[in-house]
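Undergrad: the sequence and its predicted three-dimensional model are supplied below.
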Amino acid sequence: MSNRVVTAHIPIDLAEQVDLLAARLDRPKGWIVRQALTSWVELEAKRHQLTLEGLADVDANRVVEHSSVVAWAKGLDQAE
């Protein structure tokens with residue numbers, strides 16, 4: 001796998017946290033950043049997919065009316 005250098009300006013406190021993690025885990029800072037960025041990209045891809053699924057549900061009229069959700073939520077208090 002080939003690599004590409006990406007530069008980012010980050011707050012000093014975040015950079016210091018990366019430094020501490022790298023030292024604690026005995027890993028290079030680049031490894032820490034790569035792990036974090038990979039996780040974030042995967043999370044954003046999942047959020048996007050869920051958004052598309054939600055929009056498809058709306059288009060197919062698979063929705064629950066707001067008043068039904070409110071009534072259900074109020075019923076939760078009474079169940080206790």
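TA: In hand now; what should we look at?
Undergrad: what does the host helix or strand of V69 contact?
TA: V69 belongs to helix 66-79 when assigned by DSSP states H and E. The contact list for helix 66-79, computed with Cβ atoms under 8 Å, 6 or more residues apart in numbering, is empty. For glycine as for every other residue, the C-beta is placed from the backbone atoms N, C-alpha and C.
Undergrad: what comes up buried for that helix?
TA: Within helix 66-79, no residue is scored as buried using 16 or more other Cβ atoms under 10 Å.
Undergrad: measure L52 to V58 for me?
TA: 11 Å (Cβ to Cβ, to the nearest Å).
Undergrad: circling back: show the average pLDDT along the helix holding V69.
TA: Across helix 66-79, pLDDT averages out at 90.
Undergrad: any idea how far that helix is from the chain center?
TA: Helix 66-79 sits 28 Å away from the centroid of its parent chain (Cα atoms, centre = their mean, to the nearest Å).
Undergrad: how many neighbouring residues does the nearest residue to R27 once chain neighbours are set aside have?
TA: Counting by Cβ to Cβ, 6 or more residues apart in numbering, L21 is the residue found nearest to R27 once chain neighbours are left out, at 7.8 Å. Neighbours of L21 under the rule other Cβ atoms under 10 Å: 16.
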